[in-house]
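Asks: sequence first, then the predicted structure:
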Amino acid sequence: TLGNAQRAFSDAQEAVRLTPKWAKAYRRCADALTQMANVENAYWFYAKAATLDAGDAGHRAARLECLKKLVREDGPQAKRRRGLFSRDAKLKRSSVRVWACSDVHYDHHGAPEWVESLCDRTYQRDALCLAGDIADTLYGVKLCLQAFRKKFRRVFYVPGNHDLWIRPGLNDDEEAKFPDSIAKFVAMHQLCDEIGCEMTPAEVCEGVFVCPTYGWYAPTFDHHDPKPGSVRFDKFCKWPVDHNEAWKIFHAWNEPRVRLIGSTDVPKRYKKTRQRDCVTFGHFLPRKELPIPIIHEFGKCAGLVELDQQIRAVGARVHVFGHTHMNTLHEIEDVFYVQDSIGYGCMNSTQLQLVFDGERMACH
């Protein structure tokens, strides 16, 4: 029963307090939380147990089983977030604009000053899509999201590679806070809940949909040599699977949102009319035609072609990405792919990218 699970969780927490390096105590916390349908918080404890006792196959298997439940997004927390999907569906299209950018790197000089310089009144009815790499730490992500939230009515966010780093030796000791990068990813969901930002799709005004797409890169994106390379990119990330397979986690995590945008919950009158517009955004490149920097083996950490299938499945007219710091606009097979990377040390003259102007999709 729920009461028994709550008592079991309390007992297990006490065991963690008394023996903080005993993996089974964390496993018992996780099992109790799972019984209470609290899969998000259970994952942290499963991951901690698997980290403390890496040789225990049972702990590793339990973490992966919990991860499968997470990506299905059928827990109470995910359901509450989906409840915001149609909150603004009755707003007139002409009253809302959608803006986008990526790679703010708020923990570098110039970024906080630039965000603060944005007008407090101009964007109060608008939505913003942040396509990853806004800070290296969760605290930096929080500061950045809070700063943008003061400017915009709604702020949507997906993490990039920097956001999921767990760097050693920092003052806030993220190594102790997060047993792996999925645990940090879950913490970002919960942070967004706390401060009023969003990582789930929504209809931001009549017939205009914003769909954050999670992602990671695969070495197969390198069409010259589609095999794992000798360079280990993003070594500060920690995964419950082989790092070359991490993309599969996020690709599966996108499937519930793809179904949500195409579900019967979306008014039928939008499905095949010009009134329905959708912008997707994510950090990594979804097409090999998009430019990448000339860096050794960079193609292996640049993007994921499978992501483009999901972008098109939701009927996106515009897709915003980041990662390469190469601002560009390409139209490929009736979809506009745009990058508006703010970059390191941004100046007050830096501008956001307008993707919906209150009437139609607009990329310039």
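Replies: Perfect, I can see it now.

Asks: helices or strands up against the helix or strand containing residue 78?
Replies: Following DSSP states H and E, one finds residue 78 within helix 76-82. If you count contacts as 3 or more Cβ pairs under 8 Å, 6 or more residues apart in numbering; DSSP states H and E, helix 76-82 packs onto helix 181-195. In short, each C-beta sits where N, CA and C put it, glycine included.

Asks: name the nearest residue to residue 204, sequence neighbours excluded.
Replies: Spatial nearest neighbour of residue 204, chain neighbours left out: residue 127 (4.6 Å); criterion: Cβ to Cβ, 6 or more residues apart in numbering.

Asks: residues in contact with the one you found?
Replies: By Cβ atoms under 8 Å, 6 or more residues apart in numbering, the contact list for residue 127 reads 96, 97, 98, 99, 152, 153, 154, 155, 156, 204, 210.

Asks: give me that answer again for 7 Å
Replies: Going by Cβ atoms under 7 Å, 6 or more residues apart in numbering, residue 127 touches 96, 98, 152, 153, 154, 156, 204, 210.

Asks: quick check: the first one touching residue 206?
Replies: No - with contact defined as Cβ atoms under 7 Å, residue 96 does not reach residue 206; the gap is 8.7 Å.

Asks: show me the shaky parts of the stretch 151-300 of the chain.
Replies: 263-274 (pLDDT under 70).

Asks: where exactly do the helices run in it?
Replies: Taking DSSP state H, counting those that start in this stretch as the criterion, the stretch 151-300 of the chain contains helices spanning 174-177, 181-195, 246-261.

Asks: contact partners of the first one?
Replies: I take that to be helix 174-177. Under Cβ under 7 Å, 6+ apart, the answer for helix 174-177 is 137, 138, 166, 167, 168.

Asks: what's the closest of those residues to residue 57?
Replies: Ranking the contacts of helix 174-177 by separation from residue 57, with Cβ to Cβ as the measure, puts residue 166 on top at 23.6 Å.

Asks: correct me, but the closest one touches residue 183?
Replies: No - at 8.9 Å, residue 166 does not count as touching residue 183 under the criterion of Cβ under 7 Å.

Asks: that older thread, format the helices of the stretch 151-300 of the chain as a markdown table; extra columns: mean neighbour count.
Replies: Formatted as a markdown table, the helices of the stretch 151-300 of the chain follow (neighbours: other Cβ atoms under 10 Å):
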| stretch | mean neighbour count |
| --- | --- |
| helix 174-177 | 14 |
| helix 181-195 | 19 |
| helix 246-261 | 19 |
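
Asks: so which of those gets nearest residue 47?
Replies: helix 181-195 (5.1 Å).

Asks: all strands of the stretch 1-150 of the chain, in order?
Replies: Here the stretch 1-150 of the chain has its strands, by DSSP state E, counting those that start in this stretch, at 98-101, 127-131.

Asks: ok so, going back, so for residue 88, which of the helices of the stretch 151-300 of the chain sits nearest?
Replies: Using Cβ to Cβ, those put helix 246-261 closest to residue 88, at 15.2 Å.
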